[in-house]
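**Student:** mind folding the following:
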Amino acid sequence: MKKCWKCCREWTESRIPPFKGTCERCLSFLHCCKNCKFYDPNVAQSCTNRSAEYVNNKEDSNFCEEFIFLELAPEQNHPTVERSKEAKTRFMKLFGDKEEDHKKEAAIKEKFKKLLE
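**Tutor:** Coordinates of the predicted model:
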């Protein structure tokens, strides 16, 4: 199953997306590095295909002729979405939910004010 790298909407057409083709839901480019099976942010130039030309913006449309749309299982999210969720989870563990902290702080201040009255 082929999915948009940004919103995970399924690409149902059998052909590869046109160079300037966009996702119908989020309008991100489909013919881009992040949708390619060769995309890997952990290798040099983020591409495992050594014959591909360098592309600066991995989210923008490009004219790479080595592009092969990444195939995913139906229940599988796009790897970029998974990394984003993982990063957010790690951030929340490290710094906590600031909005919740503000609510707790306000409640403590309110109790303190009542004690002084």
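**Student:** contacts, neighbours, all on C-alpha from now
**Tutor:** Fine.
**Student:** all helices of this protein, in order?
**Tutor:** For the chain, the helices defined by DSSP state H cover 79-95, 98-116.
**Student:** got a pLDDT number for Trp11?
**Tutor:** The score at Trp11 is 91. That number is its pLDDT.
**Student:** who's it bridged to?
**Tutor:** Lys2 (DSSP bridges).
**Student:** pretty sure it contacts Lys2?
**Tutor:** Yes - using Cα atoms under 8 Å, Trp11 is in contact with Lys2, at 5.3 Å.
**Student:** higher neighbour count, the two?
**Tutor:** Using other Cα atoms under 10 Å as the criterion, Trp11 and Lys2 rank with Lys2 on top: 21 against 17.
**Student:** show me what contacts Glu117?
**Tutor:** Contact partners of Glu117, counting by Cα atoms under 8 Å, 6 or more residues apart in numbering, are absent.
**Student:** per-residue pLDDT, it?
**Tutor:** 73.
**Student:** separation between it and Lys111?
**Tutor:** Distance of Glu117 to Lys111, given as Cα to Cα, to the nearest Å: 10 Å.
**Student:** same deal with Arg50?
**Tutor:** Distance from Arg50 to Lys111, by Cα to Cα: 64 Å.
**Student:** any stretches of the protein with poor pLDDT?
**Tutor:** Scanning the chain for pLDDT under 70 picks out the ranges 97-101.
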